[in-house]
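Peer 1: Have a look at this fold, sequence not included:
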């Protein structure tokens, strides 16, 4: 096994979790059970991406010259603009057929909200570059920045919760730049998450999925779970693939599938929304129900479509230019 296979597998599992979070939200099962499932996805899926993005950026991307890093950032932002335009156009066509009554402004705002991950990642990268410029290799400046952001975030989670939540993901990215793992750290990560779930969710019922729309102390607890949850999937995967009891053959059987998913996570995130938009439209028209079977089929269709489209796009250079790298960096 490669030394960092746990990163590859964690990204793939997080990508699957993103799709499940988006497709299981209205599943017709016990609301308390569904709420806990969605809470697990919420506190782990995108946080895992942010943590790993910070780790990979600090370990590999910063080795390149500034011009390369600027091009990488611009490609990410331009892809975000392209995704908004394409999905908004798709929504406009679909809604015009069904006479939904949504304005162009509502459509663009909704689509931008769907793609929120990309601008937040861009902001995280810019902030990291600024801190690195000030840091000059000293950890003190970096840790001071995280401490200042933490205190600022607590205030924002009371006063401006939407901004506070964004700041949480930026901090997770920065924490990811310091990320390292071994068996003891992985066990500690899992243990901390288990304790938080026992106290905040099961014993005292302080946090549930609806806490995402709250503010103040309840949201602070949820965001604390989100920060800690960012390391949960990587920690579990690390222990599993490095366990002496794990069977290499079984892991290898999944390796190619998970590697393909990992390679295409950005495009999977984008393409899933074509199916999501269609299904949401059909649900608004009361054509499709939210039964368990329908939601499971919805998840399968959504992920299969996203994976097939992503894999095809990544194999064609002209499509990659549109969806991944609008501008080319020349060494």
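Peer 2: Perfect, I can see it now. The structure presented is a predicted model; accordingly, all values stated were derived computationally and were not measured. Residues are numbered from 1 along each chain as shown.
Peer 1: which regions of this protein lie under the pLDDT threshold?
Peer 2: 1-3, 100, 135-140, 244-253, 330-331 (pLDDT under 70).
Peer 1: Name the residue closest to the centre of it, please.
Peer 2: residue 46 (2.2 Å; Cα atoms, centre = their mean).
Peer 1: so who does the nearest residue to that residue once chain neighbours are set aside touch?
Peer 2: Counting by Cβ to Cβ, 6 or more residues apart in numbering, residue 117 is the residue found nearest to residue 46 once chain neighbours are left out, at 6.2 Å. (Glycine included, C-beta is placed from N, CA and C.) By Cβ atoms under 8 Å, 6 or more residues apart in numbering, the residues touching residue 117 are 46, 49, 269.
Peer 1: Can you tell me how far the second one is from residue 318?
Peer 2: Right, residue 49. Distance of residue 49 to residue 318, given as Cβ to Cβ, to the nearest Å: 27 Å.
Peer 1: okay, those two: which has more neighbours?
Peer 2: Neighbour comparison, residue 49 and residue 318: the larger count goes to residue 49, with 27 against 7 (by other Cβ atoms under 10 Å).
Peer 1: So the more buried one: helix, strand or coil?
Peer 2: Classification of residue 49 by DSSP: H, G, I helix; E, B strand; the rest coil places it in helix.
Peer 1: And for residue 207?
Peer 2: Of the three states, residue 207 takes coil according to three-state DSSP.
Peer 1: the helices in the stretch 101-250 of the chain, which residues?
Peer 2: For the stretch 101-250 of the chain, the helices defined by DSSP state H, counting those that start in this stretch cover 104-114, 117-135, 139-159, 161-176, 183-196, 217-229, 232-241, 248-263.
Peer 1: roughly how far out does the second one sit from the chain middle?
Peer 2: The gap between where helix 117-135 is centred and where its chain is centred comes out at 17 Å by Cα atoms, centre = their mean, to the nearest Å.
Peer 1: go on, the fifth one?
Peer 2: A distance of 21 Å separates the centroid of the chain from that of helix 183-196, by Cα atoms, centre = their mean.
Peer 1: cool, the third one as well?
Peer 2: The gap between the average C-alpha position of helix 139-159 and the chain average comes to 21 Å, counting by Cα atoms, centre = their mean.
Peer 1: What is that helix packed up against?
Peer 2: Using 3 or more Cβ pairs under 8 Å, 6 or more residues apart in numbering; DSSP states H and E as the contact test, the elements touching helix 139-159 are helix 117-135, helix 161-176, helix 217-229.
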